[in-house]
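Undergrad: what follows is a protein structure lacking sequence information:
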């Protein structure tokens with residue numbers, strides 16, 4: 001009898017111990033960071049972590065990292081579905097000499113399926129940053145109410161999408177990208193097609209403002225590209241881009257540069273003005289117009305290399 005009781009007690013102790021250990025290592029659905037936090041903490045509301053990198057390891061797939069108070073929370077690599085939200089305070093990432101945010105789920109065991117949401121974050125390259133947000137693998141990236149600036153390494157970009165799998169998506173809303181050595185936003189894929197939607201996005205003082213490089217399909221609404229040293233908008237290589245109610249103004253190159261590779265561009269209610277080299281340069285592909293655009297006072301000409309097509313495609 002005593003032996004039986006001892007065995008039952010030992011088994012009970014083992015079960016409780018394992019349960020506590022499991023609970024201790026469980027990842028939380030919501031975690032917190034603070035400017036005075038510590039990454040050794042569990043990242044709870046009352047014991048927050050110091051950095052996004054420290055918090056993400058303790059956050060469950062599909063969970064959220066929020067900010068208790070203002071702080072610089074460091075660069076982060078995202079390999080799971082997650083939301084990082086700095087709303088209600090000042091949340092920043094200082095990315096001198098590196099990337100601010102990497103989205104890469106290629107080693108997650110479910111490549112091309114993870115969704116990341118970045119909200120209310122300031123990402124500062126401090127003059128030496130490489131890429132503000134670098135998206136190489138994942139299902140979708142949402143960037144909402146963010147500021148990305150100061151990425152001045154030799155080929156530095158604000159947002160770079162360079163996917164190795166088909167089906168990726170980029171959504172950017174109410175955000176500002178400025179002072180980048182290369183493209184403000186660059187989108188390309190080597191496999192299939194990448195889709196994008198830009199709404200209320202400003203790109204200023206970069207090289208090319210918005211660059212659709214290869215195999216993209218998307219929509220720009222209420223966007224502005226201005227004071228960039230090269231083209232305001234550049235589209236090429238099997239890309240289909242719709243530009244509505246947007247502005248390309250005062251850029252050092254063309255307002256809209258359409259290159260070879262069969263791109264198709266539709267412009268409606270767009271303002272393309274005061275660009276140094278010219279307004280719209282049709283070097284390849286087709287530019288369709290709805291006839292309600294304002295293309296004026298551009299360099300050597302408002303429309304160069306071809307003519308705007310008023311016959312709208314059905315697709």
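TA: Arrived safely. All figures in this text were calculated on a predicted structure; none of them were measured in a lab.

Undergrad: and the residue nearest to residue 249 when sequence neighbours are not counted, what are its bridge partners?
TA: Excluding the flanking residues, the one nearest residue 249 by CB to CB, 6 or more residues apart in numbering is residue 226, at 4.6 Å. Glycine gets a C-beta too; all of them are placed from N, C-alpha and C. Legend: beta-bridge partners of residue 226 under DSSP bridges are residue 204, residue 249.

Undergrad: burial check on residue 226, number of neighbours?
TA: 20 (other CB atoms under 10 Å).

Undergrad: which residues does it contact?
TA: 202-204, 209, 232, 247-251 (CB atoms under 8 Å, 6 or more residues apart in numbering).

Undergrad: repeat for residue 91
TA: So residue 91 contacts 67, 70-71, 73, 85, 120-122 (CB under 8 Å, 6+ apart).

Undergrad: out of those residues, who's nearest residue 194?
TA: residue 121 (22.4 Å; CB to CB).

Undergrad: so what does residue 207 look like in phi/psi?
TA: phi -90, psi -80 (degrees, to the nearest 10).

Undergrad: got the contact list for it?
TA: Contacts for residue 207 (CB under 8 Å, 6+ apart) come out as 180-183, 228-230.

Undergrad: same check on residue 294?
TA: Per CB under 8 Å, 6+ apart, neighbours of residue 294: 270-273.

Undergrad: make it 10 Å
TA: When contacts are counted by CB atoms under 10 Å, 6 or more residues apart in numbering, residue 294 touches 247, 269-273, 279, 302.

Undergrad: same question for residue 43.
TA: If you count contacts by CB under 10 Å, 6+ apart, then residue 43 has 27-28, 30-34, 37, 49-51, 54-59, 65 around it.

Undergrad: helix/strand/coil for the nearest residue to it once chain neighbours are set aside?
TA: Nearest residue to residue 43 in three dimensions, chain neighbours excluded: residue 31, at 3.7 Å (CB to CB, 6+ apart). Assigned with DSSP: H, G, I helix; E, B strand; the rest coil, residue 31 falls in the strand class.

Undergrad: my guess is residue 31 meets residue 44, correct?
TA: Yes: the pair residue 31 / residue 44 is scored as a contact, 7.3 Å apart, by CB atoms under 10 Å.

Undergrad: so what's the residue count around residue 300?
TA: Neighbour tally, residue 300, other CB under 10 Å: 10.

Undergrad: and the residue nearest to residue 43, bridged to which residues?
TA: Going by DSSP bridges, residue 31 is paired in beta bridges with residue 65.

Undergrad: next up, the contacts around it.
TA: 41-45, 48-49, 52, 54-60, 63-66, 82.
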